[in-house]
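Peer 1: 3D, please:
(chains A, B and C)
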Amino acid sequence: AAAGGLGVDTPVGVGVDQELISAVPSHNPTFVARNFTDAEITYCQKQPSPPSSFAARWAGKEAVFKSLGVKSKGAAAAMKDIEILNDASGVPTVHLHGDAKAEAEKRGISKVLISLSHSETVAIAFAHASS
Amino acid sequence: AAAGGLGVDTPVGVGVDQELISAVPSHNPTFVARNFTDAEITYCQKQPSPPSSFAARWAGKEAVFKSLGVKSKGAAAAMKDIEILNDASGVPTVHLHGDAKAEAEKRGISKVLISLSHSETVAIAFAHASS
Amino acid sequence: AAAGGLGVDTPVGVGVDQELISAVPSHNPTFVARNFTDAEITYCQKQPSPPSSFAARWAGKEAVFKSLGVKSKGAAAAMKDIEILNDASGVPTVHLHGDAKAEAEKRGISKVLISLSHSETVAIAFAHASS
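Peer 2: Down below sits the predicted model:
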């Protein structure tokens, strides 16, 4: 929220991403451990199709990354620093940590909304970052 | 609009959805009558490819539903309560009724923007809900 | 920005589009010259897969067009008037010219955010227009 405590938000960036579910190596424990938090892993492994859930979250992290307007991946933020957990209503919610959080703060971003979707083969995600 | 009549909006939720056009049973009159309003049906049936139009609108309803942050479908809102009609300029516009309208009001949502797109095989939709 | 210089933004429209990369005739110099600016062409031709980059930008132009809420394409805005260039951080940024700029101003739109994504076969784009 900006503008003197009025609680209003200014859109700062948007992000869209799509991933072939088969192209996200969620069967690789090293990839999973490097890029997903424990809470994300626990959630995805409980879903009907863990590969679809991991791919959707991976697309979500990419979309959030794009919405932050950060220059180069890796240098600026590890994907594990962009955590997407479902809230009590089942709504996917973005939690930023470490460098991703620092980058967001530097840009005045206080809120990142995310939505995820997957078909049998493709996961897509959309993110909206605002001050 | 929030913040004391200033006409400013705060983003509350976003929603993205994709549907295989072949997976939306728009040839089934019961499915259509349960989920689409008369005005939506009239519109879709006049389009060059009614199955594509029904699928795009169905994706749109799912995306709007996600943007409202409602817990569980069915319990909270019938898809027919999320009506998407094109305005005079051809822009798809969201009209909420019944439980969907009540849920939106409960969350302070006063505006839901929607965009739809379809290829030969896939329909996608994006929704943006704000106060 | 609206509301008396407070720097707050109201969402006016969103746009989503998808294109089969093979369906965007980026090998056709007439199509390219009619729809892309010199700076866009230079950028796309330097990318690892120029057809993917042209298709993603084309989807982006369509998404921006939808977000403006303009009635009919061609009449209202040439696609070349919607220019998408990467800023210094690599973030795709919308520059409106000619009729597209006039239409945006008429609607009070002062900012259009865009994000692009492509897989091997499909390009998708999302645009968010605000006052």
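
Peer 1: what does chain A put close to chain B?
Peer 2: A:1, A:3, A:6-9, A:11, A:89-91, A:111, A:113-120, A:122, A:124-128, A:130 (CB under 8 Å from any CB of the partner chain). Bear in mind the C-beta positions are built from the backbone N, C-alpha and C, glycine included.

Peer 1: Only whichever of these are buried, select them in PyMOL.
Peer 2: Selection of buried members from those for PyMOL, criterion 16 or more other CB atoms under 10 Å in any protein chain shown:
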select buried, chain A and resi 1+3+6+8+9+11+91+111+113+114+115+116+117+118+119+122+124+125+126+127+128+130
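
Peer 1: longest helix anywhere in chain A?
Peer 2: The longest helix of chain A (DSSP state H) is helix A:50-68.

Peer 1: With only the CA atoms kept, save that one in CSV.
Peer 2: Extracted as CSV, the C-alpha positions of helix A:50-68 are listed here (Å, rounded to 0.1, in the frame of the first residue of the first chain):
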residue,chain,number,x,y,z
PRO,A,50,2.4,-34.2,-7.8
PRO,A,51,4.2,-33.6,-11.2
SER,A,52,1.3,-31.2,-12.2
SER,A,53,1.4,-29.5,-8.9
PHE,A,54,5.2,-29.0,-8.9
ALA,A,55,5.0,-27.7,-12.5
ALA,A,56,2.2,-25.3,-11.7
ARG,A,57,4.2,-23.9,-8.7
TRP,A,58,7.3,-23.7,-10.8
ALA,A,59,5.4,-21.7,-13.4
GLY,A,60,4.1,-19.6,-10.5
LYS,A,61,7.6,-18.9,-9.3
GLU,A,62,8.7,-17.8,-12.8
ALA,A,63,5.7,-15.6,-13.1
VAL,A,64,6.3,-13.9,-9.7
PHE,A,65,10.0,-13.5,-10.7
LYS,A,66,8.9,-11.7,-13.9
SER,A,67,6.4,-9.5,-12.0
LEU,A,68,9.2,-8.3,-9.7
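
Peer 1: Would you mark the buried spots in the helix or strand that that helix is followed by?
Peer 2: Elements were assigned by DSSP states H and E; along the chain past helix A:50-68, the next helix or strand is strand A:82-86. For strand A:82-86, burial by neighbour count (16+ other CB under 10 Å) applies to A:82-84.

Peer 1: Give the other helices and strands that strand A:82-86 contacts.
Peer 2: helix A:38-46, helix A:50-68, strand A:92-96 (3 or more CB pairs under 8 Å, 6 or more residues apart in numbering or on different chains; DSSP states H and E).

Peer 1: Off-centre distance for that strand?
Peer 2: Remark: strand A:82-86 is offset 6 Å from the chain centroid, using CA atoms, centre = their mean, to the nearest Å.

Peer 1: Could you do stretch A:95-104 as well?
Peer 2: Centroid separation for stretch A:95-104 versus its chain: 11 Å, with CA atoms, centre = their mean.

Peer 1: tell me the mean pLDDT for that stretch?
Peer 2: Regarding stretch A:95-104, the rounded mean pLDDT is 94.

Peer 1: Report the buried residues of that stretch.
Peer 2: A:96, A:99-101, A:103-104.

Peer 1: can I get those in JSON lines with distance to C:Val32 and secondary structure?
Peer 2: Shown next, in JSON lines, are the buried residues of stretch A:95-104 (distance: CB to CB, whole Å; DSSP: H, G, I helix; E, B strand; the rest coil):
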{"residue": "A:Leu96", "distance to C:Val32": "39", "secondary structure": "strand"}
{"residue": "A:Asp99", "distance to C:Val32": "39", "secondary structure": "helix"}
{"residue": "A:Ala100", "distance to C:Val32": "37", "secondary structure": "helix"}
{"residue": "A:Lys101", "distance to C:Val32": "41", "secondary structure": "helix"}
{"residue": "A:Glu103", "distance to C:Val32": "35", "secondary structure": "helix"}
{"residue": "A:Ala104", "distance to C:Val32": "37", "secondary structure": "helix"}
